[in-house]
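Asks: Have a look at this prediction, sequence included:
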Amino acid sequence: MNVMPTIGKDSAAMTQPRVRVGLIIPSVNTFSEPQFNHFAPDGMGIHVARARVAGEWKRPLPEMKGEIADAAKLLSDAHPDVIVFHCTDTSMTQGPQGEGKILDIVEDATGIDAMATSRLVLDAMETLGMKKVVLLTPYKSNKPVIDYLTAAGITVVADVALKLEASNFGSVTPQDWARLAQENDRPDADGIFLSCTNTRQIEAIADIETLLGKPVVNSNQAVLWGAMKRLSAKVGKVKPMPELGRLMASLNG
């Protein structure tokens, strides 16, 4: 006897999210998708397009314009409510003016509102009152990030660039990030910035905040927070996310 599967409300909710977020991520990124799908609140659909915009593929913005526009167009077919250019290093390297041009490329190609990781990180820091930060990254150099933060009025009081190849970013465990934060904390720092979308940093947020008593901002956390904030009317009330620290708690504050 054939038994027809039962399709309940939960199944319908999975196939018909209330809001959709489109992410343009670097082609080498393997961590954003599982993390966003794990932490996104019920009713938020996550859709991803890849572009060669980071690592060995990072180049002047005019040379990446077509690729960014094409990725945005592909995402637009899924009808997202917002599209995020999701690469901290690349968006910060362009500076505030270049960041605006990236958003223009996405919006001109799709007619959909766009956001960038770099701007959302600044918004998160402002929300948490972070003016002097310890910067931890897996990058070869932190100079583009420091220059961007400095231009925005954020002082980097200590920074660590692990100088890793992109393929090894995931080898740094959450425990490693927590240890690095503790070892490099400074009395004058009022927060920790874990910069990169392609790491396990997000898993260390709660531990670092507990260890240091200071707020933590991470690239993936800041973008999820920013998307939830932007789309709050459609997302509705969400469950607390203590594992994502004070920033997420601010949504229910």
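Replies: Now that the structure is in, tell me what you want to look at. Residues are numbered from 1 along each chain as shown.

Asks: Helix, strand or coil: sort out residue 41 for me.
Replies: coil (DSSP: H, G, I helix; E, B strand; the rest coil).

Asks: And the pLDDT at it?
Replies: Looking at residue 41, its pLDDT is 94.

Asks: Would you agree it is in contact with residue 227?
Replies: No: look at residue 41 against residue 227 with Cβ atoms under 8 Å: they stay out of range, at 9.9 Å. The way it works is simple: take the backbone N, C-alpha and C, and place the C-beta from them, glycine included.

Asks: So for those two, which sits in the more crowded spot?
Replies: residue 227 (27 against 20; other Cβ atoms under 10 Å).

Asks: Mind pulling the model confidence for the spatially closest residue to that one that is not a sequence neighbour?
Replies: Once flanking residues are discounted, residue 227 sits nearest to residue 21: 4.8 Å by Cβ to Cβ, 6 or more residues apart in numbering. pLDDT for residue 21: 98.

Asks: Just confirm residue 21 is within a helix.
Replies: No: if the criterion is three-state DSSP, then residue 21 is strand and not within a helix.

Asks: List the residues that contact it.
Replies: 36, 40, 44-47, 80-84, 227, 231 (Cβ atoms under 8 Å, 6 or more residues apart in numbering).

Asks: Okay, and residue 99 sits in which element?
Replies: helix 95-110 (DSSP states H and E).

Asks: other SSEs contacting that helix?
Replies: Other elements packing on helix 95-110 under the criterion 3 or more Cβ pairs under 8 Å, 6 or more residues apart in numbering; DSSP states H and E are helix 61-76, strand 82-85, helix 88-93, strand 114-116, helix 143-151.

Asks: 6 Å - rerun?
Replies: helix 61-76, strand 114-116 (3 or more Cβ pairs under 6 Å, 6 or more residues apart in numbering; DSSP states H and E).

Asks: Flag every buried residue along that helix.
Replies: For helix 95-110, burial by neighbour count (16 or more other Cβ atoms under 10 Å) applies to 95, 98-99, 102-103, 105-106, 109-110.

Asks: Could you tell me the angle between it and helix 61-76?
Replies: Compare the direction of helix 95-110 with that of helix 61-76 by axes from the mean of the first three to the mean of the last three Cα atoms, to 10 degrees and you get 40 degrees.
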